[in-house]
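Asker: Predicted model, plus sequence, below.
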Amino acid sequence: MSERVERGRGRGDVDDYEQHGGFPVYRATEDDGGPDFGRLVEALRTIQDLGVSTAPPPDVVRRAAEQAEALVALLEPHRVPEGQQPGGRSMGLPGRGSLLMMPWTVEKFDATGVRSTGVFRRFHMGGNGAAHGGTLPLLFDDLFGMITHAYGRPISRTGYLHVNYRKITPIDTRLTVEGQVDRVDGRKTFVSARLVDAEGTLLADCEALMVVLLPGQP
Ligand SMILES: CCCCCCCCCC(=O)SCCNC(=O)CCNC(=O)[C@H](O)C(C)(C)COP(=O)(O)OP(=O)(O)OC[C@H]1O[C@@H](n2cnc3c(N)ncnc32)[C@H](O)[C@@H]1OP(=O)(O)O
């Protein structure tokens with residue numbers, strides 16, 4: 001099937017869950033989880049930063065543990081099935097309000113590609129001021145999910161993802177990642193992206209294969 005035909009078939013049908021394998025329905029929240037959800041997620045991220053960058057005395061550790069346990073007890077009764085939580089579905093929040101995804105902000109999202117900016121935080125650090133090598137595939141993989149969605153392709157799973165680490169990726173430094181669909185071949189969508197700093201220096205690039213799911217496929 002030619003790229004143009006395949007692309008045309010996908011576009012406009014992305015809300016048709018018949019096309020999305022066995023995926024549960026995901027819809028963006030209408031209110032980014034309410035007035036305080038963004039605050040909560042940002043505070044939790046900062047706790048992750050502090051959890052890996054502080055050395056408090058024992059009495060502070062004990063009080064912090066008690067407060068963390070109290071927070072767990074507060075939230076525990078409110079678990080919901082996948083697709084119903086605001087985390088990951090709040091498009092107006094950095095990282096869509098997900099604690100797993102990079103807390104980056106999407107600047108461009110259309111069929112020609114997706115661009116996003118943000119920083120790797122202290123809790124993303126591998127060593128000596130550099131982002132952990134495992135965080136870059138996470139950044140690229142999530143970007144590729146957005147790219148295939150913006151292109152109008154059904155939900156796809158990553159078949160492979162190849163990262164070239166060109167330079168040290170610094171934490172606490174504003175960076176930009178941008179990528180696009182390069183080629184479509186049946187169920188296969190070939191994508192690529194680049195991570196650069198404010199001067200445009202290439203830090204890493206990545207190419208991947210996204211495969212459209214078959215009916216009912218997990
Ligand atoms: C808005 C909602 C947001 C939600 C977004 C959710 C996004 C989720 C993204 C992910 O979860 S990615 C998670 C990490 N990836 C995985 O866990 C995937 C695990 N692997 C699989 O599930 C299957 O291997 C896969 C779906 C990728 C492919 O298996 P299939 O049995 O469906 O297909 P098949 O193996 O026949 O491959 C289809 C085509 O892709 C090709 N292919 C698959 N894997 C490949 C590979 N690794 N390298 C090269 N080619 C590959 C394969 O050769 C074939 O090419 P042809 O059509 O030309 O014959």
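Answerer: Alright, I've got the coordinates.
Asker: and the closest residue to the ligand within the chain, what does it touch?
Answerer: For the chain and the ligand, the shortest gap (Cβ to the nearest ligand atom) falls at residue 159, measuring 3.2 Å. (C-beta placed from N, C-alpha, C; glycine too.) Going by Cβ atoms under 8 Å, 6 or more residues apart in numbering, residue 159 touches 188, 208-211.
Asker: Let me know the outermost residue of the chain.
Answerer: Using Cα atoms, centre = their mean, the residue of the chain lying farthest from its centre is residue 59. It sits 36.2 Å away.
Asker: before we move on, the earlier item: so what pLDDT did the residue of the chain closest to the ligand get?
Answerer: Looking at residue 159, its pLDDT reads 98.
Asker: where does it fall, helix, sheet strand or coil?
Answerer: The three-state label for residue 159, taken from DSSP: H, G, I helix; E, B strand; the rest coil, comes out as strand.
Asker: now do residue 199
Answerer: Reduced to three states by three-state DSSP, residue 199 is coil.
Asker: number of nearby residues for the closest residue to residue 98 other than its chain neighbours?
Answerer: Distance criterion Cβ to Cβ, 6 or more residues apart in numbering; nearest residue to residue 98, sequence neighbours excluded, is residue 88 at 4.0 Å. Other residues near residue 88 come to 20 when the count uses other Cβ atoms under 10 Å.
Asker: what's downstream of the longest helix along the chain, the next helix or strand?
Answerer: Of all segments of type helix in the chain, defined using DSSP state H, the longest is helix 58-75. Next along the chain after helix 58-75, taking DSSP states H and E as the criterion, comes strand 105-110.
Asker: Any chance you could list what contacts that following strand?
Answerer: 91, 94, 114-118, 146, 150, 176, 178.
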